[in-house]
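[1] dropping a prediction and its sequence here:
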Amino acid sequence: MLNIVVCVSGGGTNLQAILDAMDRGAVTNTRVLAVISNNAGARALERARDRGIEAKVISPRQYADREAFNQGFTAEMTALSPDLIVLAGFLVRIPPQMVAAFSGRIVNVHPSLIPSFCGVGYYGLKVHEKALERGVKVTGATVHFVNEGMDEGPIIAQKAVYIEDGDTPELLQQRVMEQAEWILLPQAIDDIANDRIRMIDNKVSRRM
């Protein structure tokens, strides 16, 4: 059984996609230990409580400085002891000590085809705004392992989404979630839970 902790900052639609996939058997051998948010008003926390899942608020605002937060957050996560940490729209940088402690056990979903429109400053609606400004014809989403860099970890899966005439950042964001994020993230969790992927030379491949 893969025990996961899901970290979310907002509405928790990716969290809901995971829970729905578990309900219909598309994600197996997996249990959500807890949902963590840096935002006490996040809808994701309500989604967790509605399912009887522990919901925790851990925010930099609760600590004297960033280093205290990094230590406190890492300690909280270590106490939960998950097999996998899932960043599902979490807008707080993961402490370096947590990345080290959970090396190869943190995954993130990003709303673009990495290495495009990623890194510092590229999050949420801003990713889609930049994609439309650049005039690209294809965007999408990426699920990747988290390392010390920003959106630089080994890629697990990607899915393309075509940009349509008349797209706004909001319309594009919704379509990327529906056509890519909500599909890729549950699939990646199920693959990890059932030992279908492996990492060789910092690249991820499916086991034959």
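    Ah, there it is. Numbers count the residues shown, from 1 in each chain.
[2] what about the strands in the chain?
    Secondary structure of the chain (DSSP state E): strands at 2-7, 30-37, 54-57, 84-87, 106-110, 138-145, 155-162, 197-200, 203-206.
[3] rank these by pLDDT, which is bottom?
    Lowest mean pLDDT within these: strand 197-200, at a mean of 86.
[4] list the buried residues in the lengthiest helix in the chain.
    Using DSSP state H to define each element, the chain has its longest helix at helix 66-80. By neighbour count on 16 or more other C-beta atoms under 10 Å, the buried set for helix 66-80 is 69-70, 72-74, 77. Where you see a C-beta, it was placed from the backbone N, CA and C, and this is true even at glycine.
[5] end to end, how far does stretch 61-68 reach?
    In stretch 61-68, first residue to last residue: 10 Å (C-alpha to C-alpha, to the nearest Å).
[6] roughly how far is that stretch from the heart of the chain?
    23 Å (C-alpha atoms, centre = their mean, to the nearest Å).
[7] for it, the averaged confidence score.
    95.
[8] what about the closest residue to Ser205 other than its chain neighbours, neighbour count?
    In space, and not counting its chain neighbours, Ser205 is closest to Arg198: 6.1 Å by C-beta to C-beta, 6 or more residues apart in numbering. If you count neighbours by other C-beta atoms under 10 Å, Arg198 ends up with 11.
[9] any idea how far Arg206 is from Arg198?
    8 Å (C-beta to C-beta, to the nearest Å).
[10] Leu33 versus Val127, what's the distance?
    Relative to Leu33, and taking C-beta to C-beta, Val127 is found at 29 Å.
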